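Undergrad: sequence plus the predicted model coming up.
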Amino acid sequence: MSELRNAGDPEDADCGRSDSSVGCGSRCEKNAPGGQAPTRYALRIDWSVRAQRTATDGECQVAEAKSSNEEQRFGAVRGTVEERGSEAALTELADYFRAESRYHEFFETRLMLCRQRAGLPLEAHFQIDAMDSPLRESLEQSYLDACRETGRLFLQAGKIREAWMYLRTVDDRAAMRGHLAVMEVDAQNVESLLEIAIYEGVDVVLGFGHLLKEMGTCNAITTYESVMPTHSLEDRRLVAGLLIDHLHHELVTNFSSALGGTATGGAEATDALGQLLQMCHDEFGEYTVHVDASHLSSVVRMAEIVESEDVLKRAVDLTIYGKRLHQNFHFPGPAPFEDPYESHRLLFSALLGTEVEEAVAYFRSKAEAIGEQQNPGPAEVYVSLLARLGRCDEALAARIELIGTQRSAESLAPSLLELAERSGEYDRLLRYLESEDDLLTYAAAVIQQRGADSRE
């Protein structure tokens, strides 16, 4: 602790204060008890007391002014009710709450005004379902309008979590999406953004972009695996593409650095990784890896649903790199992806138009080998591949032979009805359904076929 200087130090010789309670005269030795000069500490105490008194006085004045304003405001409400009526009073009150940024109270006032206009009790202690249809619809629309207005007021104030409480009711995703796209993200609001963008599904691509930036690849992959299965296939494809691009760029950067170079071209350089692999002729060692191996394995699996040609090319890059890793880093997946990198390389290459027949033969053999174990997974991958290659007649035949009418919730393989519609092979499907005594699907197929014939 620093030593307190005496108030009689040279720099304090002329303080210039004229206040008698704290001026130079009160600090000199002859005025001090026992002839000893008071310390600077004592002077500070004196001034702090005065500051506290001033602050207290100021707070009291503010409190008194606030109290006076509140009294005037309450009186104004009463006066408006008596002079101009309840509707005018509630309208003015809503305007006041909006001006004061008290938006929750603004919302409640708007609802109260709707009830007043409808001749209903001001408190919401009634059953709206019991009302006549026109009145019920009017109240519901007023409620939705108030939600939209209140939500947008909160958006303008930058309070996105409060805003979404109201905008979610009217499903105004466009307003929220537009705000999220331009808002400045910081440590205070990033969690709210991620919650709304990802978990509420307002803009999953933007949300995962911020998640990667703020929390890294591991968090992004974990979130994808836990959250995205409930989202649409299109959203899953977009986010999978984002993660593939991110990991590809990370791998190129790290690999290039390990070879003593500098990565160029960013995530769009689809040939960069192949060039780096050509530069590295030696086999990778037991512990050689340039990105987390579990991240690589997870992202490669995500690419199974991808359709973008550019993203598929980067996915192929990742599988070629993965094949070079030591077997310790080859984590077998569920059938037919027991050999994770080679099987995925074949799949992605076929979807890009190369090694098509090799991939078809590979996945058919996997589907036939597993068929007796009642595991539809390999057969669904095979059927899906044929369908994505445009060979829907073969896909229908394979589905009838290997899967039948069963379908898992996670399956990406088209259904029998979808394949019949895309291939036009209704006769084959109808014969199969009749042999299986599946009257319901048979009826659906006949109706669907008739609709297709009428459109031709």
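TA: Thanks, I have it. From a predicted model like this one, the values you see are computed outputs, not experimental measurements.

Undergrad: okay, CA-based contacts and neighbour counts for the rest of this
TA: Noted.

Undergrad: state the distance from the residue nearest to Phe363 when sequence neighbours are not counted to Arg422.
TA: Nearest in space to Phe363, with sequence neighbours left out and distances taken as C-alpha to C-alpha, 6 or more residues apart in numbering, is Tyr382 at 5.4 Å. With distances taken as C-alpha to C-alpha, to the nearest Å, Tyr382 is found 17 Å from Arg422.

Undergrad: flag the shaky bits of the stretch 251-400 of the chain, pLDDT-wise.
TA: Applying pLDDT under 70 to the stretch 251-400 of the chain picks out residues 261-271, 281-283, 371-373.

Undergrad: how about the strands of the stretch 201-350 of the chain, start to end?
TA: Counting by DSSP state E, counting those that start in this stretch, the stretch 201-350 of the chain has no strands to list.

Undergrad: tell me how far the one helix or strand Phe106 maps to lies from the chain's centre.
TA: For Phe106, the element it lies in under DSSP states H and E is helix 103-118. Here helix 103-118 is found 32 Å from its chain centre; the criterion is C-alpha atoms, centre = their mean, to the nearest Å.

Undergrad: using PDB, list the CA coordinates for that helix.
TA: Taking C-alpha atoms only, helix 103-118 is exported to PDB below (Å, rounded to 0.1, in the frame of the first residue of the first chain):
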ATOM      1  CA  TYR A 103     -42.600  -2.300 -25.500                       C
ATOM      2  CA  HIS A 104     -44.000  -5.200 -23.400                       C
ATOM      3  CA  GLU A 105     -46.400  -2.700 -21.800                       C
ATOM      4  CA  PHE A 106     -47.100  -1.200 -25.300                       C
ATOM      5  CA  PHE A 107     -48.200  -4.600 -26.500                       C
ATOM      6  CA  GLU A 108     -50.500  -5.100 -23.500                       C
ATOM      7  CA  THR A 109     -52.000  -1.700 -24.000                       C
ATOM      8  CA  ARG A 110     -52.600  -2.500 -27.700                       C
ATOM      9  CA  LEU A 111     -54.500  -5.700 -26.700                       C
ATOM     10  CA  MET A 112     -56.500  -3.800 -24.100                       C
ATOM     11  CA  LEU A 113     -57.500  -1.200 -26.700                       C
ATOM     12  CA  CYS A 114     -58.700  -4.100 -29.000                       C
ATOM     13  CA  ARG A 115     -60.900  -5.400 -26.200                       C
ATOM     14  CA  GLN A 116     -62.200  -2.000 -25.400                       C
ATOM     15  CA  ARG A 117     -63.200  -1.500 -29.100                       C
ATOM     16  CA  ALA A 118     -64.900  -4.900 -29.100                       C
END
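
Undergrad: which outside residues touch that helix?
TA: Residues from elsewhere that reach helix 103-118 (C-alpha atoms under 8 Å, 6 or more residues apart in numbering): 86-87, 90-91, 93-95, 97-98, 121-123, 135, 139, 142-143, 146-147, 150, 153-154.

Undergrad: now that helix: buried residues?
TA: Within helix 103-118, the residues scored as buried using 16 or more other C-alpha atoms under 10 Å are 103, 105-116.

Undergrad: same thing with stretch 414-430?
TA: Buried residues in stretch 414-430 (16+ other C-alpha under 10 Å): 414-417, 419-426, 429-430.

Undergrad: between the two ends of that stretch, how far is it?
TA: 17 Å.

Undergrad: of the buried residues of stretch 414-430, which is the nearest to Asn328?
TA: Closest approach between these and Asn328, by C-alpha to C-alpha: Pro414, at 35.5 Å.

Undergrad: how about the closest residue to the closest one other than its chain neighbours, what does it touch?
TA: Spatially, and ignoring its direct neighbours in sequence, Pro414 is nearest to Ser384 (6.7 Å; C-alpha to C-alpha, 6+ apart). For Ser384, the contact set (C-alpha under 8 Å, 6+ apart) comprises Ala395, Leu412, Ala413, Pro414.

Undergrad: next, give phi and psi for the last one.
TA: When you say that, I think you mean Pro414. Note on Pro414: backbone dihedrals following degrees, to the nearest 10 are phi -60, psi 150.

Undergrad: now it: how far from Cys392?
TA: For Pro414 relative to Cys392 (C-alpha to C-alpha), the value is 9 Å.

Undergrad: one more: the second one?
TA: Distance from Leu412 to Cys392, counting by C-alpha to C-alpha: 14 Å.

Undergrad: so between these two, which is more surrounded?
TA: Cys392 (24 against 17; other C-alpha atoms under 10 Å).

Undergrad: the more buried one touches Arg422, doesn't it?
TA: Yes: shown here, Cys392 and Arg422 form a contact pair, counting by C-alpha atoms under 8 Å, at 6.5 Å.

Undergrad: can you give me the neighbour number for Glu368?
TA: Glu368 has 15 neighbours, counted by other C-alpha under 10 Å.

Undergrad: swap in Gly151?
TA: Using other C-alpha under 10 Å, Gly151 has 30 neighbouring residues.

Undergrad: other SSEs contacting the particular helix or strand that has it in it?
TA: If you go by DSSP H and E, Gly151 is part of helix 133-156. Packing contacts for helix 133-156, counted by 3 or more C-alpha pairs under 8 Å, 6 or more residues apart in numbering; DSSP states H and E, involve helix 103-118, helix 160-167, helix 173-182.

Undergrad: name the residues of it that are buried.
TA: Neighbour count says helix 133-156 has 136, 139, 142-155 buried, by 16+ other C-alpha under 10 Å.

Undergrad: returning to what we had before: among the buried residues of helix 103-118, which two are most distant?
TA: Tyr103 and Gln116 (19.6 Å).

Undergrad: secondary structure class for Ser411?
TA: Three-state call for Ser411 (DSSP: H, G, I helix; E, B strand; the rest coil): coil.

Undergrad: quick one: it and Glu380 touch, right?
TA: Yes: assessed by C-alpha under 8 Å, Ser411 is found in contact with Glu380 at 6.7 Å.

Undergrad: show me the contacts for the residue at minimal distance from the centre of the chain.
TA: Here the mean C-alpha position of the chain is nearest to the C-alpha of Ile198 (C-alpha atoms, centre = their mean), at a distance of 1.9 Å. Contacts for Ile198 (C-alpha under 8 Å, 6+ apart) come out as Val204, Gly207, Phe208, Val227.
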